[in-house]
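Enquirer: fold the following.
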Amino acid sequence: MNQNRAHPVVKKSKTRRRPLMSVSEVVEALESGQTLAVADQILINPSKGSLGARVEALLAAITESGADGKVVCQALIRLGMNFAGRDAEIVGYDAAEVDKAFDAVLKAIDNLNPAAGSAMGQVVGAFLAEMKSVNLGDSLAGLLAERIEPGLDDNPGRTFLTGLKKEMRSGVYWEIIGKSYGKFGNDYARGLEYLRHYGFCQVSTNPVLAAKAFDEDEALTEELRGEIAKHEDWKQDPEGHADEIAMAATLIALWPNLSIFRPLAVHTNLEDYMVSFQLNPNIADQADPSIEDAKNAYKLANDFLKDYDRLLGLGGDSGKVRPNLVFKVAASHEAARKITRDLNTDAIGTNNTVVYTVAQEVQLILDASEGKAAAVKAGKQVVRTYETNMGGRFVSHLREVEAENIFKAAATAAGEDTAQTLLNQLAADLGIDQSVVDSAQGLAAKAEAVCAYKFLKSLEHPILLEAAEKAGQSAETIELLEADLKKAGTLVARRVYGVFYSPENKPKWVSYLQKTHGVTEEQARWILESMDVLPASKRIPEDTFHTLAEKNMCNTEFPNHARAVQIASEQEGFDLEEFKEAVLDSYDPGVAQRLRALPDYCSGYDLTPSLKSFLEEVGIDVDGWKTQGLEPGDWPNFGSVQKTSGEFQAAYDAFAAKCVAVAKEFAG
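Expert: This next block holds a predicted model:
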């Protein structure tokens with residue numbers, strides 16, 4: 001992935017050359033615990049051939065700072081990780097000088113004075129514990145920690161860094177990114193620091209994941225207490241300010257991610273390394289309040305980053321690069337279209353979420369492009385934005401519906417008692433409390449409760465296959481349906497990508513943007529290229545491998561999914577070359593044909609009549625495409641949208657209630 005390309009519309013930031021922090025500035029930063037900023041200043045204002053001297057000066061400042069030994073060790077480990085990973089090469093240093101810089105860090109660790117060196121074991125242990133805490137260890141960071149820890153010896157700093165370098169550079173994500181076969185993001189609020197070193201360049205979260213971050217890291221709650229202490233009105237009336245407190249808490253969970261990505265976001269001038277912040281799902285149907293919330297959060301991020309830029313050593317250039325923040329806009333209502341257009345018009349980027357269908361994604365990419373064109377004409381910046389494709393959740397919804405239908409058909413063919421008995425057996429086998437089944441009224445409701453994805457992961461469960469046979473369907477038919485379902489989300493992602501980014505279509509969109517919006521060819525190209533399709537909520541490794549593309553496709557990975565992808569790549573017979581530009585590949589035509597028997601699949605895969613006519617006018621070949629897709633007014637009623645919106649709203653409400661409870665502590 002070439003992160004060093006200049007762009008005619010959005011050029012790299014040209015900050016004034018400035019020397020590294022003075023020793024006194026390093027001491028001040030270390031004493032405030034900002035070891036990441038100290039290590040990352042090496043990524044600011046890079047100049048090929050200068051790394052050796054810069055590292056030598058920074059190592060001297062760190063080791064001679066007189067700071068606490070733990071802090072010195074943290075700074076050295078973080079500096080070493082910049083060279084164990086690809087961060088330094090991303091900003092323009094060459095591989096040879098990066099290798100020498102890594103060796104210099106190792107030598108500095110070897111030669112630490114006894115007072116500082118004695119702390120290294122505890123510091124390395126804390127890094128490993130943090131890695132293993134991400135998603136309770138079920139993560140790529142957790143896998144790294146598991147593989148690094150056994151190799152530690154009596155020089156833990158050196159062996160941690162050399163082990164990290166070995167494990168990262170032998171991993172599939174390192175290879176994919178290095179060969180420009182794909183881009184990646186972190187679909188979680190924690191663990192980004194380690195993924196950045198691979199080359200991950202996007203991170204997003206939602207109310208569910210923000211709450212998990214607070215559960216995993218008690219320090220976040222302490223920061224929230226500190227923020228609440230500044231607001232007398234919050235302490236006096238916590239419930240009345242629940243949304244404000246919840247926004248503050250979510251931002252607290254995101255500040256580390258903004259900091260982690262900041263030096264590379266500055267380097268690319270927001271062409272990548274964006275952090276996605278989810279807007280309040282309870283007002284997703286209200287455009288103006290959502291836009292107001294976004295602008296308030298954007299201002300807070302701007303204030304935070306001005307201060308952080310100073311710690312990075314940007315001096316008078318601090319804050320000149322806008323926040324590396326975009327807003328997740330839930331496409332659960334047509335209001336998402338206005339929010340998307342208006343924020344992009346104001347040069348505040350978006351990441352559309354709660355999105356499952358071709359019609360939703362095509363429409364919202366067009367809306368974002370309209371906003372970006374207005375921004376360009378007003379002399380404003382266009383930044384990297386995203387169109388999420390929640391393919392995994394789409395597949396889960398389709399599977400749930402089909403599983404429920406199997407039990408309904410079994411009841412019709414073999415009697416409701418037989419179907420109910422099988423449903424009870426399935427619930428017991430899946431470990432579902434019988435009260436969950438009993439509380440649902442009627443067979444259909446009971447089937448819906450038991451067949452939810454959180455319990456049932458596949459139609460190939462033996463008891464479900466028995467129910468299918470009672471309904472007159474063969475096990476082979478259900479197994480084929482399961483195999484087809486697993487491809488449904490990828491089919492949507494590939495169709496959307498092809499509409500905009502296939503080699504034959506990209507020039508047509510550039511021409512359209514020029515003619516329609518009166519922008520130059522260079523501006524039109526960047527408006528188009530600044531959007532990444534973002535496959536998300538993946539369930540199986542193939543969801544990643546089958547959507548790889550060099551440009552305009554950024555796979556955002558759950559922690560457990562990234563771990564699964566790495567492990568899958570280690571299996572005998574795996575060949576990454578088979579997946580180069582896989583997004584442009586096609587499945588056997590029979591897959592899509594069979595899936596068309598599912599009404600909700602058709603709603604997800606098809607265009608609307610108006611979108612089809614519009615694409616034909618642009619010159620996109622959509623001959624033979626069906627038009628049973630969702631109109632914007634129908635978005636709120638789609639099953640996947642309803643399920644995810646309900647989950648996000650419940651999670652947001654629960655998270656807000658926790659935040660309010662913290663505020664109530666001040667009232668005694």
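Enquirer: quick one, helices of the stretch 201-350 of the chain?
Expert: In the stretch 201-350 of the chain, the segments counted as helices under DSSP state H, counting those that start in this stretch are 207-216, 218-228, 232-236, 242-268, 287-312, 335-345.
Enquirer: which stretch in those helices is the model least sure about?
Expert: Of all the helices of the stretch 201-350 of the chain, helix 207-216 carries the lowest average pLDDT, namely a mean of 85.
Enquirer: who touches that helix?
Expert: 133-136, 187-190, 205, 220-221, 224, 249-250, 253, 278, 281, 647-648, 651-652, 654-655, 658 (C-beta atoms under 8 Å, 6 or more residues apart in numbering). Every residue, glycine included, has its C-beta placed from N, CA and C.
Enquirer: just the buried residues of those residues.
Expert: Neighbour-count burial (16 or more other C-beta atoms under 10 Å) is assigned, among the contacts of helix 207-216, to 133-135, 187-190, 205, 220-221, 224, 249-250, 253, 278, 281, 647-648, 651-652, 655, 658.
Enquirer: tell me, how many residues neighbour residue 219?
Expert: Counted by other C-beta atoms under 10 Å, the residues lying close to residue 219 total 10.
Enquirer: next one: phi and psi at the most centrally placed residue in the chain?
Expert: Nearest residue to the geometric centre of the chain (C-alpha atoms, centre = their mean): residue 187, 3.2 Å. Main-chain torsions, residue 187, degrees, to the nearest 10: phi -90, psi 60.
Enquirer: repeat that for residue 533.
Expert: phi -70, psi 140.
Enquirer: save the helices of the stretch 201-350 of the chain as a markdown table, and put in distance to residue 631 too.
Expert: Output for the helices of the stretch 201-350 of the chain, formatted as a markdown table (distance: least, C-beta to C-beta, whole Å):
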| stretch | distance to residue 631 |
| --- | --- |
| helix 207-216 | 27 |
| helix 218-228 | 41 |
| helix 232-236 | 41 |
| helix 242-268 | 30 |
| helix 287-312 | 18 |
| helix 335-345 | 12 |
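Enquirer: please identify which of those helices is closest to residue 84.
Expert: Each of the helices of the stretch 201-350 of the chain was scored for nearness to residue 84 using C-beta to C-beta, and the closest is helix 242-268 (15.4 Å).
Enquirer: now do the closest one: which elements does it pack against?
Expert: Other helices and strands packing on helix 242-268, by 3 or more C-beta pairs under 8 Å, 6 or more residues apart in numbering; DSSP states H and E, are helix 35-40, helix 87-90, helix 192-198, helix 207-216, helix 218-228, strand 274-278, helix 287-312, helix 639-664.
Enquirer: and residue 338, how far from residue 290?
Expert: Look at residue 338 and residue 290: by C-beta to C-beta, to the nearest Å, they are 9 Å apart.
Enquirer: compare those two (neighbour count), which wins?
Expert: Neighbour count, other C-beta under 10 Å: between residue 338 and residue 290, residue 290 has more, with 25 against 17.
Enquirer: may I see the buried residues of stretch 55-74?
Expert: By neighbour count with 16+ other C-beta under 10 Å, stretch 55-74 contains the buried residues 55, 57-59, 61-63, 65, 67, 69-74.
Enquirer: for it, measure first residue to last.
Expert: Using C-alpha to C-alpha, to the nearest Å, one end of stretch 55-74 lies 16 Å from the other.
Enquirer: where does the stretch 451-600 of the chain dip in pLDDT?
Expert: Applying pLDDT under 70 to the stretch 451-600 of the chain picks out no residues at all.
Enquirer: among the helices of the stretch 201-350 of the chain, which comes closest to residue 94?
Expert: Between residue 94 and the helices of the stretch 201-350 of the chain, the shortest separation by C-beta to C-beta is 15.6 Å, and it involves helix 242-268.
Enquirer: quick check: angle from the closest one to strand 274-278?
Expert: 170 degrees (axes from the mean of the first three to the mean of the last three C-alpha atoms, to 10 degrees).
Enquirer: now helix 242-268 against helix 207-216, angle please.
Expert: In terms of direction (the same axes, to 10 degrees), helix 242-268 departs from helix 207-216 by 90 degrees.
Enquirer: tell me what angle helix 242-268 forms with helix 639-664.
Expert: Using the same axes, to 10 degrees: helix 242-268 against helix 639-664 is 110 degrees.
Enquirer: show me how the record splits the protein into domains.
Expert: Domain ranges of the chain: 20-170, 393-485, per automatic domain parsing.
Enquirer: okay if I get these as CSV plus distance to residue 235?
Expert: Below are the domains of the chain laid out as CSV (distance: least, C-beta to C-beta, whole Å):
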stretch, distance to residue 235
domain 20-170, 26
domain 393-485, 37
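Enquirer: wait, which of the ones you listed is closest to residue 664?
Expert: Judging those by C-beta to C-beta, what sits closest to residue 664 is domain 20-170, at 27.4 Å.
Enquirer: gap between the closest one and the chain center?
Expert: Taking the mean of its C-alpha atoms, domain 20-170 sits 25 Å from the chain's own mean (C-alpha atoms, centre = their mean, to the nearest Å).
Enquirer: for stretch 550-564, same thing?
Expert: 8 Å.
Enquirer: how long is that stretch end to end?
Expert: Using C-alpha to C-alpha, the end-to-end distance of stretch 550-564 comes out at 22 Å.
Enquirer: contact partners for residue 357?
Expert: 394, 492, 603, 604, 605, 629, 630, 638.
Enquirer: count of residues packed around the fourth one?
Expert: Other residues lying near residue 604 total 30 when counted by other C-beta under 10 Å.
Enquirer: give me the phi and psi for the closest residue to it other than its chain neighbours.
Expert: Closest residue to residue 604 apart from its sequence neighbours, by C-beta to C-beta, 6 or more residues apart in numbering: residue 357 at 4.3 Å. Backbone torsions of residue 357, given as degrees, to the nearest 10, read phi -120, psi 150.
Enquirer: beta-bridge partners for residue 556, please?
Expert: Beta-bridge partners recorded for residue 556 (DSSP bridges): residue 185.
Enquirer: what sits against it?
Expert: Contact analysis of residue 556 by C-beta under 8 Å, 6+ apart lists 184, 185, 186, 187, 202, 203, 204, 388, 534, 535, 536.
Enquirer: before we move on, what about residue 599?
Expert: residue 628.
Enquirer: go with 10 Å
Expert: 398, 401, 628, 639 (C-beta atoms under 10 Å, 6 or more residues apart in numbering).
Enquirer: repeat that for residue 664.
Expert: Here residue 664 is in contact with 228, 235, 238, 239 (C-beta under 10 Å, 6+ apart).
Enquirer: and the nearest residue to residue 285 once chain neighbours are set aside, its phi and psi?
Expert: Excluding the flanking residues, the one nearest residue 285 by C-beta to C-beta, 6+ apart is residue 333, at 4.0 Å. Here is the backbone geometry of residue 333 (degrees, to the nearest 10): phi -150, psi 160.
Enquirer: same check on residue 386?
Expert: The phi and psi values for residue 386, taken as degrees, to the nearest 10, are phi -140, psi 150.
Enquirer: for it, which residues make a bridge with it?
Expert: residue 351, residue 532.
Enquirer: so where is the stretch 51-200 of the chain shaky, pLDDT-wise?
Expert: Across the stretch 51-200 of the chain, not a single residue meets the criterion (pLDDT under 70).
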